[in-house]
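let me see the structure of the following:
(2 chains)
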Amino acid sequence: MTSDEHLAKAAGILASLGKLSFPDDYLAIVDGATIAGYHLGNALLHSHGVMPGTEHSNTPSKLDRPISALPEPIQRAFQAFAELEKLRSDYVRSASVYDEQLASAVWRHLETMQRACRE
Amino acid sequence: MKISEHLTKAEAFERAIAKLDPSGDGALYAVFLMRAGTNRINAALHALGITTDGAATPAKIGDLNHTYKPDLNTPVPDPLRAAFKHLAFIEDLRPDYVRGLKPVDDGMVAACKTAYTGIRSATDAILARHRS
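Take a look at the predicted model:
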C-alpha cells in the first residue's frame, strides 16, 4: 500500500472511532487507535523511505530497528505509536479498569502521529 | 485473566460493535469481533481447565492472544474445535480488510455473523455447564 492509501485507511478508521466514546468504549477505542496507528506509522515509514510500500511493520515492538534509528522527523510519532501499543497491552490484553486520563492520552498520541503525517 | 474479566471485555467489544456499520466500519468491525471472540474462547478454555486464568506455568499456558499464539501445547478440545475455526476465519480477515484496502461487503458481513454466532454457541454452552 502507498503512503496515501495508508492515510486514507487511517482516516476511515478514525471516523469509525468517532462513533465510539469514553468511558463506555474505552477498550475498543484503545484497540482501534492502535490500528489507526498502524496505518499512520506505515504511511510515515513509506514517505520517509524507511520501507517500500510492499513491506509493512505491524507495531513498534515488531519494527526491525529501534525508534532511535528511524529518521528524526518520525521518531516522536513512533514514540507515540509505542505508547498506543503499550496501552493496548495494558488495557485490552490485560485485566483493566477505565482510567480517566486514558482518553486524553489516546487522542494525544494519535494527534502526534497525524501531525507527523501532515508535516 | 479471570473468566469474568474475559466476559466483561467480550461484552464491551460487542457493545462497541453494535455502534458500528459492519460494512462502512469494516476494519474495526473485524478487529472487535476478533477481540470479543478471543475473550469468549479464553473464558471457555479456563472453564475447561485447558489454560490457566493466572500466570502461565510449564504445564499450562495463560491467555491466548490469537488461535495460534501462544501455542496451546495441547490439542484444541472437541467442544471448542468449531469455535477455533470460526475465530481463525475472523483473524484471517486482517491482511485484506484491516491492514489492506478490501471493503467489507454484505457477503462478508454475513460470514462474520455466522462465525461469531458459532463462537458464542460453543463458548456459551461450556460456560453454562461450568456455572451449573
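
taking the mean pLDDT, what do you get for whatever helix or strand B:K113 lives in?
B:K113 is part of helix B:106-131 when elements are defined by DSSP states H and E. Helix B:106-131 comes out with an average pLDDT of 97.

give the other helices and strands that that helix contacts.
Contacts defined by 3 or more C-beta pairs under 8 Å, 6 or more residues apart in numbering or on different chains; DSSP states H and E place helix B:106-131 against helix B:3-18, helix B:26-48, helix B:78-91. C-beta coordinates here come from the backbone N, C-alpha and C atoms, glycine included.

out of those helices, nearest to chain A?
helix B:3-18 (3.5 Å; C-beta to the nearest C-beta).

how far does the closest one sit from the chain's center?
Distance of helix B:3-18 from the chain centroid (C-alpha atoms, centre = their mean, to the nearest Å) equals 11 Å.

what lies in contact with that helix?
The contact list for helix B:3-18, computed with C-beta atoms under 8 Å, 6 or more residues apart in numbering or on different chains, reads A:20, A:24-28, A:31, A:92, A:95, B:1, B:28-29, B:32-33, B:35-37, B:39-40, B:42-43, B:46-47, B:53, B:63, B:127, B:130.

ok, stretch B:62-80 next?
Against stretch B:62-80 from outside (C-beta under 8 Å, 6+ apart): A:93, B:1, B:6, B:38, B:41-42, B:44-45, B:48, B:50-56, B:61, B:84, B:87-88, B:91, B:122-123, B:125-126.

what about the residue lying farthest from the centre of chain B, which SS state?
Largest separation from the mean C-alpha position in chain B: B:P58, at 24.1 Å (C-alpha atoms, centre = their mean). Judged by DSSP: H, G, I helix; E, B strand; the rest coil, the three-state class of B:P58 is coil.

next one, pLDDT for it please.
The model's pLDDT for B:P58 equals 87.

would you point out which residue is most central in chain A?
Note: chain A centre (C-alpha atoms, centre = their mean) maps to A:G37, 1.8 Å.

which single residue of chain A ends up nearest chain B?
A:A28 (3.5 Å).

so what pLDDT did that residue get?
Reading off the model, A:A28 has pLDDT 98.

same check, this time on the one 3 residues further on
Reading off the per-residue confidence, A:D31 sits at a pLDDT of 98.

what sits against it?
A:R88, A:V92, B:F13, B:V31, B:F32, B:R35.

can you give me the neighbour number for residue 75?
Just so you know, I chose chain A. Per other C-beta atoms under 10 Å in any protein chain shown, the neighbour tally for A:Q75 reads 15.

chain B was what I was after
B:P75 has 8 nearby residues by other C-beta under 10 Å.

next up, identify which helix or strand it is on.
Per DSSP H and E, there is no helix or strand for B:P75.
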